[in-house]
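> Structure for this input, please:
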Amino acid sequence: MTSSERDAKTLETPWPFTGRSDELELVRRSVGAGHAGLVVTGAAGAGKTRLVTEAVRGTDCARAAGTPETRDTPFAAFAHLLPEAVTLHRAVHLLSGVRLLLVDDAHLLDDASAALVHQLAVHRRTRLLVVATDGAPVPGAVSRLWTGELLPRLTLRPMPHEDTARLLTDGAGTRLEPLTLDRLHRLSRGDLRLLRELLSAVREEGLLVPVPGTDQRAWRGPVPLTPAVREPAARVLDRARADERETLDRLAFAEPLTLLLDGGADAFGLRALERLESEGLVVVDDDGGARLAHPLHGPVLRAAAGRLRTRRLARTPDRTGPALEAERAALARRIEQADVRESETPVGDWLAAEGTALPPDYAALRARFARLRGRLSDAAAWAREGLRTRHDDPACLDELALALAQSGDGPGGSGGTAAACATWAAAARGDLEEAVGTAAAGDPYDAVRLGAPQRAGGRLTGVFAAHAHALAREDGPALDRVAEELERRGFLLFAAEANAQAARAHRDPTATRTARTRAVALTRRCQGARTPALSGLVLGELTARQRQIVTLAAAGLSNRQIAERLTLSVRTVGNHLYGAYTRLGAGDRGALPCLVELPEPQPA
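Just a heads-up that it's a prediction; the model follows:
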């Protein structure tokens, strides 16, 4: 049976489908032969429709969708597939011949349509792909699809930061600098529709400006208050009660400084806060601080305020200065304690987003914290923020050089003065002998990362000393434990390198594959890291034909394009890729680009 598309919701988007590779494969398997189907749920805007549309592309699929306007009309969602007058029994019989049925917005189905979907699942003659929104009232017949274990359920989580960054770059048609990517990701909070609206608004108003010395573009300043951006914030912009709007505005201009209720309850109106909290618009933490619940609401309220209100409510430098210094001191303590797990830094984030010049010492520390976390692009971006204030700041120049040298963005730049800069500039050139030599005179842990633990000379402590000892003994299990502890502390790049070293040290093939898999997964989170320890993860483990095919796949060629170029069948290309994934422990081709482009290892 063929279907009419007139009542099916489709997502028209100029953006290519990006990310969600594991979820996409799961959906495709669930609607294949021998399977009953799948229920996909997730928050509004999470990309559920886009995912299932991609999964069924090219298949013979009938479609239906619930709508708010037809919730009281029996079988409204299936009107284009059924006669005008039909019983439930007859409807089940008519749709039992459909091989695959996609039901979108199932939380909006009328009761008769919901009962029909449930009965189709019971009879199991039709494979079902059902999509519903979390948090919305769902007909009982629909919820029983998964609670009654008729169909498995996939809950779609917010898109990871790395996938969001790729999606935004594809959608913008240009490279966005990391702080802009972070800002858009934070403001959208996993809502892909809002993400697209924000990017469109920023582009249309010409707010993306070139970043000097790069091919990137950045967005600084207020959020553009277009109708599409205003809509998600209507609940705070259109408050009828004056005391509630005043409280929201005060919170917006106080963000991200926490407001202690003990000292500010009268000024902010405790009762107004209570009402706003009950509606989920304000969050009160354990310390008595109040914040706006959604990251977008503060910027939108600030953008909507007039000049007089802004002048009255805006913070003053004497309030931001101490708060920024407290944030810097907290980050410095975390680094000293060898704990660089993700930390809230609302003051610096807000000032950077608004385009306010940041003190170079703060920017350099933010760059170092990001670099230690393996967020190399973020580190370079924070260093550049500090150089906007003072173009020759040594600490910012060093951090920029280190971030570039350990990433795929350049040989390390110029202006770095520390010994570590010389170490990683040499490593970026492939001169590991010089890199190891300079590391011995600088940071001893760099020597461990470069594979020369004997050069550390007993100058390390804690997990870093354990890393040196395990590598010196070529102890694979010990390196596994080191990598796990480094990851727990937030040192993602160091953990990836330790896993890669473990993969070479292990004698057991299974342990080798496991360590390599972890190295690949962590490297994907390190924004294009290119260090000697990570080299050879891919190409050295493959046959000559697999290396050839994997290199082309990493460059973005499809299986068919690779087959045409190498005069092979598409099936043969697929088989080689499958074999490569098995050897590498990779789940899909998305893991390949960050590894295949690594420099070939050279002996020290």
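
> In the chain, what helix or strand scores lowest on average pLDDT?
strand 259-260 (a mean of 48; mean pLDDT, DSSP states H and E).

> Low-confidence stretches in the stretch 1-150 of the chain?
Filtered on pLDDT under 70, the stretch 1-150 of the chain yields the residue ranges 1-15.

> Which stretches in it count as strands?
In the stretch 1-150 of the chain, the strands defined using DSSP state E, counting those that start in this stretch lie at 37-42, 62-65, 100-104, 127-133.

> the inter-axis angle of the longest one versus strand 100-104?
This means strand 127-133. 10 degrees (axes from the mean of the first three to the mean of the last three CA atoms, to 10 degrees).

> from the chain's centre, how far out does stretch 389-396 sit?
Going by CA atoms, centre = their mean, to the nearest Å, the spacing between the C-alpha centre of stretch 389-396 and its chain's C-alpha centre is 30 Å.

> Can you list the residue ranges for strands in the protein?
Ranges of strands within the chain are 37-42, 62-65, 100-104, 127-133, 153-156, 175-176, 208-210, 216-219, 259-260, 282-284, 289-292, based on DSSP state E.

> Adding mean neighbour count and distance to residue 396, write those strands out as JSON lines.
The C-beta positions use only the backbone N, C-alpha and C, and glycine is treated the same way. JSON lines is the format used below for those (neighbours: other CB atoms under 10 Å; distance: least, CB to CB, whole Å):
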{"stretch": "strand 37-42", "mean neighbour count": "23", "distance to residue 396": "40"}
{"stretch": "strand 62-65", "mean neighbour count": "24", "distance to residue 396": "52"}
{"stretch": "strand 100-104", "mean neighbour count": "24", "distance to residue 396": "50"}
{"stretch": "strand 127-133", "mean neighbour count": "24", "distance to residue 396": "45"}
{"stretch": "strand 153-156", "mean neighbour count": "17", "distance to residue 396": "40"}
{"stretch": "strand 175-176", "mean neighbour count": "20", "distance to residue 396": "21"}
{"stretch": "strand 208-210", "mean neighbour count": "15", "distance to residue 396": "19"}
{"stretch": "strand 216-219", "mean neighbour count": "22", "distance to residue 396": "16"}
{"stretch": "strand 259-260", "mean neighbour count": "16", "distance to residue 396": "33"}
{"stretch": "strand 282-284", "mean neighbour count": "17", "distance to residue 396": "34"}
{"stretch": "strand 289-292", "mean neighbour count": "20", "distance to residue 396": "30"}
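
> Out of the ones you listed, the one nearest residue 167 is which?
Between residue 167 and the strands of the chain, the tightest spacing by CB to CB is seen for strand 175-176, at 10.7 Å.

> average pLDDT across the closest one?
The pLDDT scores in strand 175-176 average 88.

> Bridged to the closest residue to residue 208 other than its chain neighbours, which residues?
Nearest residue to residue 208 in three dimensions, chain neighbours excluded: residue 217, at 4.2 Å (CB to CB, 6 or more residues apart in numbering). Note on residue 217: beta-bridge partners residue 176, residue 210, judged by DSSP bridges.

> do you know how far residue 217 is from residue 209?
According to CB to CB, to the nearest Å, residue 217 and residue 209 sit 6 Å apart.

> Residue 402 now?
Residue 402 is 26 Å from residue 209, by CB to CB.

> Let me see the ranges of the helices in the stretch 351-500 of the chain.
360-372, 376-389, 394-405, 419-429, 432-441, 444-449, 462-472, 476-488, 492-505 (DSSP state H, counting those that start in this stretch).

> Now tabulate the ones you listed in TSV and tack on distance to residue 145 and mean neighbour count.
Below are these laid out as TSV (distance: least, CB to CB, whole Å; neighbours: other CB atoms under 10 Å):
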stretch	distance to residue 145	mean neighbour count
helix 360-372	44	23
helix 376-389	42	25
helix 394-405	48	25
helix 419-429	54	22
helix 432-441	57	19
helix 444-449	50	24
helix 462-472	47	20
helix 476-488	37	20
helix 492-505	38	26
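
> Scan the chain for its longest helix.
helix 317-336 (DSSP state H).

> Which elements pack onto it?
helix 346-354, helix 360-372 (3 or more CB pairs under 8 Å, 6 or more residues apart in numbering; DSSP states H and E).

> angle of the shortest one against helix 317-336?
Think helix 346-354. Going by the same axes, to 10 degrees, helix 346-354 makes 120 degrees with helix 317-336.

> Now do helix 346-354 and helix 376-389, the angle between them.
70 degrees.

> Can you give the distance of helix 346-354 from its chain's centre?
Using CA atoms, centre = their mean, the offset of helix 346-354 from its chain centre is 20 Å.

> do the same with the last one
A distance of 21 Å separates the C-alpha centroid of helix 360-372 from that of its chain, computed with CA atoms, centre = their mean.

> Reformat the strands of the chain as a markdown table; add distance to residue 441.
As requested, the strands of the chain are exported to a markdown table (distance: least, CB to CB, whole Å):
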| stretch | distance to residue 441 |
| --- | --- |
| strand 37-42 | 53 |
| strand 62-65 | 66 |
| strand 100-104 | 62 |
| strand 127-133 | 59 |
| strand 153-156 | 51 |
| strand 175-176 | 36 |
| strand 208-210 | 38 |
| strand 216-219 | 34 |
| strand 259-260 | 49 |
| strand 282-284 | 50 |
| strand 289-292 | 47 |
